[in-house]
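S.K.: turn this into a model:
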Amino acid sequence: MPASSRSASKKLVDLDTALSVVKDGMTLGIGGWIFHGQPMALVRGLIRKGVRDLTLVPSPGSVAPDMLIGAGCVKTTACVFISFEHLGLAPNFRRAAQSGAVKVLEMDGPGIAGGLRAGACDLPYGLIPDLGTDLPKVNPEGYCKARVQEGGRPLLEVPAIKPDVVFLHGQQADEDGNVQYFGAGYFDLLMAQAARHVICSVDRIVPSSTVRQSARLTKIPSAFVDAIVVAPFGAHPGGSPGLYAQDEQHLKAYVAASRDQVAFNAYLTQHAHGGEDAYRDRIGAKALAGLTAGGTA
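M.R.: Residues are numbered from 1 along each chain as shown. Here you go, the predicted structure:
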């Protein structure tokens, strides 16, 4: 086997090996969008690992950042929002924010995107339009008036975001680490470009020939990927676009179980601490099959 092939194949690793790079106090980016493409297998694995004092930078998300916060892994989060949309607020995030257990740096979409672009370009800060919000007052660490103002629109500076590690979830990849998405890529590519280390979970591995035949689906090229973890239903209870829908019943149960810390700890014992095989067994093959593309969400 050529040396280049040996190097590429090393990107396909087990969950524990992939997560071994995540240490206390790191900055962790989380990809996906609300209930879609949430890297839940990686999140559950990180909770089992017991990492603490993370600075969390999630895309607009739901269960992934909320679970990490509820498990006590997070010290600070810079976020646009963490919400369960029609199912209500994110219980663990809300409780931690209200109590001060987690420091919340309020951001908006342009701020996150501008910070990630600056990180990807190895610049100290990014420039974004000043949309007239109160964010410079609410989060002076994240927004300030730009030192250079050119053109007709006022500008703000946002500091570069360079996560130590980013968790992403795609639908499939080859052993070389080319990750394909059947739906939108969200902020995932920006996160991969800005991060120092990128871990992608995927529902399945496919031959490189399959990737080449549908090259347009490759949203995260191998050059940006450090580790690939095969995790069937690895976005559950969120959905993996084109493969399975979000599990509304489980998400409702999660929100109910997050009503207080004692109940949530019991949820983690049942659903996070036993490993991914045990997790899928607990959810049940019939329930998972009902979520697959063409099934009932």
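S.K.: just checking, Thr218 touches Val179?
M.R.: Yes. With contact defined as C-beta atoms under 8 Å, Thr218 reaches Val179; the gap is 6.9 Å. Placement of C-beta: from N, CA and C, glycine included.
S.K.: looking at those two, which one has more neighbours?
M.R.: Val179 (29 against 19; other C-beta atoms under 10 Å).
S.K.: how about the more buried one, what does it touch?
M.R.: Val179 makes contact with 168, 170, 172-173, 200, 202, 218-221, 225, 228, according to C-beta atoms under 8 Å, 6 or more residues apart in numbering.
S.K.: before we move on, what about His36?
M.R.: Residues in contact with His36, defined by C-beta under 8 Å, 6+ apart, are 183-184, 186, 235, 238-241, 246.
S.K.: most surrounded residue in these?
M.R.: Neighbour-wise, these (other C-beta under 10 Å) top out at Ser240, 33 neighbours.
S.K.: thought that residue was touching Gln180?
M.R.: No. Contact status for Ser240 versus Gln180: not in contact, 11.5 Å apart, counting by C-beta under 8 Å.
S.K.: identify the contacts common to the two.
M.R.: Shared contacts of Ser240 and Gln180, defined by C-beta under 8 Å, 6+ apart, are found at Gln171.
S.K.: please report phi then psi for Met26.
M.R.: Dihedral pair for Met26: phi -70, psi 170, per degrees, to the nearest 10.
S.K.: that one - how many residues pack around it?
M.R.: 17.
S.K.: excluding its backbone neighbours, what's nearest it?
M.R.: Of all residues not flanking Met26 in the chain, Asp164 sits nearest, at 4.0 Å (C-beta to C-beta, 6 or more residues apart in numbering).
S.K.: how close does that neighbour sit to Asp247?
M.R.: Distance of Asp164 to Asp247, computed by C-beta to C-beta, to the nearest Å: 30 Å.
S.K.: which one's more surrounded, those two?
M.R.: Asp247 (23 against 17).
S.K.: so the more buried one touches Gly284, yeah?
M.R.: No. Counting by C-beta under 8 Å, Asp247 does not reach Gly284; the two are 10.8 Å apart.
S.K.: now the helices for the stretch 101-250 of the chain?
M.R.: With DSSP state H, counting those that start in this stretch as the criterion, the stretch 101-250 of the chain has helices at 109-120, 135-138, 188-194, 208-213, 248-257.
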